[in-house]
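Asks: output the structure for:
(one chain, ligands or ions: 2)
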Amino acid sequence: MKTQRLAQDESGILLAADLLRQGQTVAIPTETVYGLAADARNGQAVAAIYAAKGRPSFNPLIVHVAGLDQARTIADLPPAALELAQAFWPGALTLVLPLRADAGIASLVTAGLDTVAIRVPAAPVAQALLAQFDGPLAAPSANASGRISPTTAQHVLDPDGGLDGRIAAVLDAGPCPVGIESTIIGWPHGRAALLRPGGLPAEAIEAAIGGALLRPEADPDAPTAPGQLTSHYAPNAALRLSAEVPRAGETYIDFARAGEFTLSATGDLTEAAARLFDTLRRADSMGQPIAVAPIPDHGLGAAINDRLRRAAAPRG
Ligand code: TXA
Ligand code: MG
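Replies: Ligands and ions are numbered 1, 2, ... in the order given. Next up, the predicted model:
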């Protein structure tokens, strides 16, 4: 399959929507990362996502919709969920909600669960495509399973861990402004839980709900998002975290000082998140072990540290 590269203009968006209606897979820009989209109602199209990524099929996908009204045709939104949807959609927030019996979503999307993860992306090109397509799009990050998530169209097509030749097209809207996947919130035992830290800081959600989120990952007995596999976002090189200084033969990623690889010379966590995955890729291309400076664990730093821990985890 030859992967088409589509511009973010009207004809690119029309073509992307046409390919999606035909049951093809298209990599699309969102404000967090590029997603590999397919029609969420079409089981064969969704199967093609899993095949292109080499993704274990027990790991469910996020459904992207244009807005709250469309979300309500797929899932029930209890008052607590509605409050978050109204506060943060469109944006970098995914809600795990009870799946409606008449949702019409392919069972492969939810991996047979009775819940569904839903998100309304804010990126203008994603919004334009959803309006043009006029239906729900299932989309995981547009990388080979377990590899670093893509924040540019070039990453999607990267010969190393990319999807060139495995998908119909990529819609290019430049680099993703947030740069790290959405924050996932669910209510596994009736209380709001942080299932994955991400591009919307947990502190902002806690301020909105006026209380603390459960953090299942800190509690080994609590449920977590399926598919939060230990090794993920993996570069080819070994990764050493919280390194104050590099050792001989290591490529060093600094946090708050200028260097060859720096997440943010001014120590700005928003900038660091936006640059994280691209910096990891560029550091990895040096072909040596990578050491990363300590990164503050508040705000977007929590999501950055989560991704780095998985990138450093033992490979399965
Ligand atoms: O920013 C993002 O969220 C990006 C863009 C493309 O939207 N998407 C993304 O998708 O990160 P993916 O597939 O890489 O991660 C989806 C996560 C997985 O950890 C999966 O286990 C979890 O969402 N998930 C999906 N459905 C779920 C459900 N019903 N219950 C619990 N977790 C679920
Ligand atoms: Mg992913």
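Asks: can you read off the pLDDT for Thr230?
Replies: On the pLDDT scale, Thr230 is placed at 67.
Asks: now do the strands in the chain.
Replies: Ranges of strands within the chain are 4-7, 26-28, 35-39, 62-64, 93-98, 115-119, 137-138, 169-172, 183-186, 193-196, 239-240, 251-254, 261-262, 290-292, based on DSSP state E.
Asks: pick out the residue nearest the middle of the protein.
Replies: Glu181 (3.2 Å; C-alpha atoms, centre = their mean).
Asks: ok, and the closest non-adjacent residue to Ala173?
Replies: Leaving out its chain neighbours, the residue that sits closest to Ala173 by C-beta to C-beta, 6 or more residues apart in numbering is Pro29, at 3.8 Å. All C-beta spots, glycine's among them, are computed from the backbone N, C-alpha and C.
Asks: okay, now the unreliable bits of the stretch 101-250 of the chain?
Replies: 217-230 (pLDDT under 70).
Asks: swap the cut-off to 90 and go again
Replies: Scanning the stretch 101-250 of the chain for pLDDT under 90 picks out 160-161, 189, 216-234.
Asks: if we can go back for a sec, does the residue nearest to Ala173 really touch Gly174, like I thought?
Replies: Yes. In this structure, Pro29 is within contact of Gly174 by C-beta atoms under 8 Å, at 7.5 Å.
Asks: which neighbours do these two have in common?
Replies: Common contact partners of Pro29 and Gly174 (C-beta atoms under 8 Å, 6 or more residues apart in numbering): 8, 153.
Asks: please compute how far stretch 289-308 lies from its chain's middle.
Replies: Between the centre of stretch 289-308 and the centre of its chain there are 16 Å (C-alpha atoms, centre = their mean, to the nearest Å).
Asks: now do the same end-to-end measure for that stretch.
Replies: Terminal residues of stretch 289-308 are spaced 14 Å apart (C-alpha to C-alpha, to the nearest Å).
Asks: how about that stretch: buried residues?
Replies: By neighbour count on 16 or more other C-beta atoms under 10 Å, the buried set for stretch 289-308 is 289-293, 295, 299-308.
Asks: quick one on the thing from earlier: between Pro29 and Gly174, who's got more neighbours?
Replies: The residue with more neighbours, out of Pro29 and Gly174, is Pro29; 29 against 11, by other C-beta atoms under 10 Å.
Asks: pLDDT score for the more buried one?
Replies: At Pro29, the pLDDT value in this model is 98.
Asks: for the one 3 residues further on, same thing?
Replies: pLDDT, the model's per-residue confidence, is 98 for Thr32.
Asks: identify the residues contacting it.
Replies: Residues near Thr32 by C-beta under 8 Å, 6+ apart: 92, 121, 176, 178-182, 198-199.
Asks: likewise Pro98?
Replies: With contact set as C-beta under 8 Å, 6+ apart, Pro98 has these partners: 75-76, 78, 114-116.
Asks: ok, back up a step: quick one: contacts for the residue nearest to Ala173?
Replies: Shown in contact with Pro29 (C-beta under 8 Å, 6+ apart): 8, 123, 125-126, 153, 171-174, 176.
Asks: cool, and Val170?
Replies: Per C-beta under 8 Å, 6+ apart, neighbours of Val170: 3-6, 26-27, 34, 142, 153, 156-157, 163.
Asks: and with 6 Å instead?
Replies: Contacts for Val170 were tallied using C-beta atoms under 6 Å, 6 or more residues apart in numbering; they are 5, 27, 153, 156.
Asks: so can I have CSV of those showing distance to Ala101?
Replies: Shown next, in CSV, are the contacts of Val170 (distance: C-beta to C-beta, whole Å):
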residue, distance to Ala101
Arg5, 40
Ala27, 31
Ala153, 38
Val156, 35
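Asks: show me what contacts Pro78?
Replies: For Pro78, no contacting residues are found, by C-beta under 6 Å, 6+ apart.
Asks: for it, give me phi and psi.
Replies: In terms of degrees, to the nearest 10, the main-chain angles of Pro78 are phi -60, psi 160.
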